[in-house]
Each structure stands twice: as C-alpha cells, then as structure tokens.
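Got a predicted structure here, sequence first:
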Amino acid sequence: MSFKLPDLPYEYDALEPYIDARTMEIHHSKHHAAYTNNLNNLIAGTEAENLTIEQILAGVSKYPIGVRNNGGGFYNHNLFWTNLSPNGGGKPDGDLMKAIETEFGSFEAFKEKFSTAAATRFGSGWAWLIVSGGKLTVTSSPNQDNPLMDIAEVKGTPILALDVWEHAYYLNYQNRRPEYIDAFWHLVDWSEVAGRYRG
Ligand code: MN
C-alpha cells in the first residue's frame, strides 16, 4: 500500500483573496506532494507499509526521523485542506459551539487563544484545536509534528489545523504571519470541524 496525494476539494484560486492561487498550487503540488512521495519511499518494504497513517503516527518514535517529518507532513496537510472552504468563516453551532464556550468562555476567546498559539509558534509548525480526554484544547507543534504522535507534548485528536510554515503564506503576506492568521478565520469550514468533533 502507498499513500496518495489527495486532490484539493476546490480549485487553487478558490480561497482568494485570503490565500492566493500560486501559494495553494505550490503548497499542494510541490510541498504536500513531496511529503507524500518521501513517506512512501521511506516505508516501502517495511512493516509500516501495512499501517494506516494514524497507526504510523501513534508509533512514530520507532521509525527514522524522516517518517516523523514526512508522515506528519502528509497527514497535517490532508487535514488542513479539508478544514478550509471558499464558503467557510463565521462560527460553529450546535455541540461544537457549546463545547468551545464551555472550555474557552466564548468563541472570541477561543479564536484569540488559537491565533496566539499560531502567532507565537517560533519558526515552522502548526496550531491545533484537539479533543483530548473528551475536552477541547488549543496547542501548537514544531515542524510537521502533530498531536497524534507518541512524541507529542500535548496529545489528542486534531479537529482544526493551521499551517504556519512560511511556505503557507510568504508569497502574499511575507513576514506578516498575523495577517495570514486573520485571513484563515474567513476560510474555516465549521461543518467539517464539527463532523470531526462528533467523531
Ligand atoms: Mn505546509
């Protein structure tokens, strides 16, 4: 078995003006494709070939560092693309909104906490909303690490991800990561996040 680069569920220019078409094209067809190909090459002929990506990540400390970097890159971008939608933005409703209000006090307080996690992640990495022990938590991770990995400081099931590598925003925003984070909120597909929350 080998992992397959998923098609985007929208066109490269669908997220403009918040994320430009050229960034999306390079990010998907070069960066995400490279993580996918590298992962396949690294696991070819090993027992990991018969595992799901979630199983590989749960035991990632057993594998060479390249599996951590490229397996994380493969999984993280799969999640990221489906978190975004040209019809996104606004707020969640139902059980997810209730859980956000219970855990963070308000939707605005949650947004602030997540945005701060994304803005203060030094260098390359990701911000996450995860379900951990039945509760929502905001965290961030370096490089292509994620909360499914056995080496993660904060573990849980990711339901919302934001890529804060410079390759995700530099063409349009240069060093202005906070502007990219603000733009992200216009794209979040809350029905998708709620689906992942329900499990
Ligand atoms: Mn990326």
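Looks like it arrived, so ask away.

use CA for all of it now, contacts and neighbours both
Will do.

Tell me which stretches of this structure form strands.
Assigned by DSSP state E, the chain shows strands spanning 125-132, 135-142, 157-163.

Can you identify each of the helices in the chain by residue range?
Counting by DSSP state H, the segments of the chain that form helices are 21-26, 33-43, 53-58, 65-83, 94-104, 107-120, 170-173, 177-184, 190-198.

what is the mean pLDDT for the first one?
To tie it back to what came earlier, the one meant is helix 21-26. Mean pLDDT, helix 21-26: 98.

same check, this time on the last one
With pLDDT averaged residue by residue, helix 190-198 scores 97.

Give me the buried stretch members for it, please.
Neighbour counts over helix 190-198 (16 or more other Cα atoms under 10 Å) mark 190, 192-194, 196-197 as buried.

How about the first one?
Of the residues in helix 21-26, 21, 23-25 count as buried by neighbour count, 16+ other Cα under 10 Å.

possible to save these as a markdown table with distance to Glu49?
Formatted as a markdown table, the buried residues of helix 21-26 follow (distance: Cα to Cα, whole Å):
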| residue | distance to Glu49 |
| --- | --- |
| Ala21 | 33 |
| Thr23 | 31 |
| Met24 | 29 |
| Glu25 | 28 |
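
Residue nearest the middle of the protein, spatially speaking?
By Cα atoms, centre = their mean, the chain has its centre lying nearest to Ala161, at 3.2 Å.

what about the helices of the chain, which gets the closest to Lys155?
Lys155 sits nearest to helix 53-58 of all these, at 9.9 Å, using Cα to Cα.

so what does that closest one touch, helix or strand wise?
Helices and strands touching helix 53-58, by 3 or more Cα pairs under 8 Å, 6 or more residues apart in numbering; DSSP states H and E, are helix 65-83.

Please save the CA atoms from the helix it packs on in CSV.
The C-alpha trace of helix 65-83 is given here as CSV (Å, rounded to 0.1, in the frame of the first residue of the first chain):
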residue,chain,number,x,y,z
ILE,A,65,13.2,10.8,11.7
GLY,A,66,12.1,11.1,8.0
VAL,A,67,8.9,9.2,8.8
ARG,A,68,8.1,11.6,11.5
ASN,A,69,8.7,14.6,9.2
ASN,A,70,7.1,13.3,6.1
GLY,A,71,4.3,11.2,7.7
GLY,A,72,3.4,14.3,9.7
GLY,A,73,3.5,16.4,6.5
PHE,A,74,1.3,14.0,4.7
TYR,A,75,-1.4,13.8,7.5
ASN,A,76,-1.3,17.5,8.5
HIS,A,77,-1.9,18.8,5.0
ASN,A,78,-4.7,16.3,4.4
LEU,A,79,-6.5,17.7,7.4
PHE,A,80,-5.6,21.4,6.6
TRP,A,81,-7.1,21.3,3.1
THR,A,82,-10.4,19.9,4.3
ASN,A,83,-10.6,22.4,7.2
